[in-house]
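A.B. asks: A structural model of the following input is requested.
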Amino acid sequence: MGDRFARDLYRELTGSGRLADTLARSTLVAVADRRGRVATVLSASGAAPARLTLARFHARAACGPDEIVTEMVLAFPPGGGGHSTPPSHVTVVAMIGSAPFAGGAGTLSPAISGQTAVDLVRRVANRAEGGHATLLGSLALDPDRAADAGEVVPLARVPSGLLRYAVGFRVRYLTDADTILVTGVGLTDPELAQLRWVVRPSRARLRGGTIAGTGGAVRYSLRGTVAAPGGGSLLLLDEIADVALRDSRAIALDPITRRILTTQPLALRCP
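C.D. replies: Next comes the predicted model:
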């Protein structure tokens, strides 16, 4: 969200455009929302209406990233979201400034697990690599593993009934001269008949298991889904920068349009 979002929200809540001056005097500023702005909270459970009660603004670098971090406290009306109200300690995406709505997560494709899921990750990664290098190591289903790993997440069914899955991968390959890491996120059916790239595959040379160089090479880890406005699913993924860890971020994006709805720095450490 960053500085611009923080300044805009602070101005809406207080009528003042002097957030930077306020944070220069105190690294944490809390502002109650007396108007009770409405929001829609998207999670794996669906969409639930909520109300903003408090916003906390953390000064640049106070939480790690060199930008203002905005922390929002949301309240759900009793029974207002029904089964779509998210439980505690799950990842959510909040939409503020539009009419709130409630809805279920929809009918997902059947889950794929075990060796079937590993094989799907391997086939998608091989398609991304192009068939010119040799796969290194065995693959695992583990979003926290830096290499030789991937994820398979079922998505909401399309009207035609086609089964769709998001597949994230971070896979090492051996070329004639180097060890490379191929990473990306694909959207596919189990047969790869309609494979398309949500995050286009990229490759980077590895040195000691870490991405070499000082460029912007990253790894992608798929964390799950939340319900999308109007139906369907949004993908939650981590974009991990080996060289500049402070540039790593969590992303919520639409897998069909590839539009990023929101981002957040990873590994926030707010006081």
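
A.B. asks: can you map out the helices along the stretch 101-250 of the chain?
C.D. replies: 114-129 (DSSP state H, counting those that start in this stretch).

A.B. asks: in it, which ranges drop under the pLDDT threshold?
C.D. replies: Residue ranges of the stretch 101-250 of the chain with pLDDT under 70: 105-106, 158-161, 213-215, 245.

A.B. asks: go again using 50 as the cut-off
C.D. replies: Nowhere does the stretch 101-250 of the chain drop to pLDDT under 50.

A.B. asks: measure the nearest residue to Leu195 once chain neighbours are set aside to Gly64 for me?
C.D. replies: Of all residues not flanking Leu195 in the chain, Thr188 sits nearest, at 4.2 Å (Cβ to Cβ, 6 or more residues apart in numbering). (Glycine included, C-beta is placed from N, CA and C.) According to Cβ to Cβ, to the nearest Å, Thr188 and Gly64 sit 35 Å apart.

A.B. asks: Is it correct that the residue nearest to Leu195 is in contact with Tyr165?
C.D. replies: Yes. Proximity of Thr188 to Tyr165 meets the contact threshold set by Cβ atoms under 8 Å, at 6.0 Å.

A.B. asks: what touches both of those two?
C.D. replies: Jointly contacting Thr188 and Tyr165 under the rule Cβ atoms under 8 Å, 6 or more residues apart in numbering are Leu120.

A.B. asks: circling back: which one of Thr188 and Gly64 is surrounded by more residues?
C.D. replies: Using other Cβ atoms under 10 Å as the criterion, Thr188 and Gly64 rank with Thr188 on top: 23 against 16.

A.B. asks: residue contacts, that one?
C.D. replies: Contacts of Thr188 (Cβ under 8 Å, 6+ apart): 120, 124, 164-165, 167, 194-196.

A.B. asks: Narrow those residues to those in strands?
C.D. replies: Within the contacts of Thr188, residues falling in strands by DSSP state E are 165, 167, 196.

A.B. asks: What is the neighbour count of the nearest residue to Glu151 once chain neighbours are set aside?
C.D. replies: Using Cβ to Cβ, 6+ apart and skipping the chain neighbours, the partner closest in space to Glu151 is Leu222 (4.1 Å). If you count neighbours by other Cβ under 10 Å, Leu222 ends up with 23.

A.B. asks: what does Gly231 give?
C.D. replies: Gly231 has 14 neighbours, counted by other Cβ under 10 Å.

A.B. asks: How much space separates it from Ile256?
C.D. replies: Using Cβ to Cβ, Gly231 is found at 11 Å from Ile256.

A.B. asks: Now Ala30. Its backbone dihedrals?
C.D. replies: Here is the backbone geometry of Ala30 (degrees, to the nearest 10): phi -110, psi 130.

A.B. asks: Return the set of residues that bridge with the spatially closest residue to it that is not a sequence neighbour.
C.D. replies: In space, and not counting its chain neighbours, Ala30 is closest to Arg56: 4.9 Å by Cβ to Cβ, 6+ apart. On the basis of DSSP bridges, Arg56 is bridged to Ala30, Glu71.

A.B. asks: just checking, the residue nearest to Glu151 touches Glu239?
C.D. replies: No. Using Cβ under 8 Å, Leu222 is not in contact with Glu239, being 10.9 Å away.

A.B. asks: okay, and the common contacts of the two?
C.D. replies: By Cβ under 8 Å, 6+ apart, Leu222 and Glu239 have no common neighbours.

A.B. asks: count of residues packed around Tyr220?
C.D. replies: Tyr220: 22 neighbours (other Cβ under 10 Å).
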